[in-house]
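Asks: fold the stuff below for me.
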Amino acid sequence: MVWGALALFLLVIVAATLSRIAGSKARGTGNAIDASAYYAVKPLTSAEQAFFRLLENSLPGYVILAQVDVKRIVRTKRSKSHQHFNRVAQLSLDYVICRRDFSVVAAVELDDPSHDRQRQKTRDEKKDAVMKAINVRLVRFDVRRYPSEMDVRKQLLGEKDYAESQSVAA
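Replies: Numbers count the residues shown, from 1 in each chain. Got it, this is the predicted structure:
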């Protein structure tokens, strides 16, 4: 009887292990990369590319980063739980404007009609709140109405940095 129970127990363990292995292969969690599952795309849409060029022309001397995860420019304080970080770690910004030393000047969101949906509004509110918390200006531009280069400079750099950029350009 004991041998039968032991054999049954071992059989259950082996079956569970095999099931787990088969399940992870079915979900694609193995180490192998199936090359037929992927294809390359441009990291920016046509509208994002055009706006990137507007930013480049508007902000000479500044570094413009595109499609930046919020977690690249935000950290949580040691006294706070890591769950605060997790709340914003999946967010991304369309552009981050930096000085030459890569200190962040501002962030840009290029809003299209999808930003009218409630789910996107909730994500936008999180982005607004976290950028405010780290004291970084977040400027939203509507993809359907591009501003002038001067408007971009004024809105992104603020009065102080805008005045400095004008004196450097002169």
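
Asks: ok, the residue nearest the centre of the chain - contacts?
Replies: The centroid of the chain falls nearest to residue 92 when counting by CA atoms, centre = their mean (2.0 Å). Residues in contact with residue 92 (CB atoms under 8 Å, 6 or more residues apart in numbering) are 67-70. C-beta coordinates here come from the backbone N, C-alpha and C atoms, glycine included.

Asks: again, only this time at 6 Å
Replies: Neighbour list for residue 92: 67, 69 [criterion: CB atoms under 6 Å, 6 or more residues apart in numbering].

Asks: need the nearest residue in space to residue 144, chain neighbours excluded.
Replies: residue 112 (7.6 Å; CB to CB, 6 or more residues apart in numbering).

Asks: that neighbour contacts residue 143, correct?
Replies: Yes - Residue 112 is in contact with residue 143 according to CB atoms under 6 Å; the separation is 4.5 Å.

Asks: what about the two, which has more around it?
Replies: Neighbour totals were compared for residue 112 and residue 143, and residue 143 leads with 17 against 13 (other CB atoms under 10 Å).

Asks: could you check how far the more buried one is from residue 137?
Replies: Look at residue 143 and residue 137: by CB to CB, to the nearest Å, they are 19 Å apart.

Asks: how about residue 126?
Replies: 16 Å.

Asks: so what are the domain limits for this protein?
Replies: With domains defined by automatic domain parsing, the chain comprises 2-37, 46-169.

Asks: worst mean pLDDT among those?
Replies: Here those differ in mean pLDDT, and the lowest is domain 2-37 at a mean of 68.

Asks: how about the helices in this protein?
Replies: Under the criterion DSSP state H, the chain carries helices at the ranges 2-26, 46-58, 82-88, 118-133, 149-169.

Asks: perfect, I'm done here.
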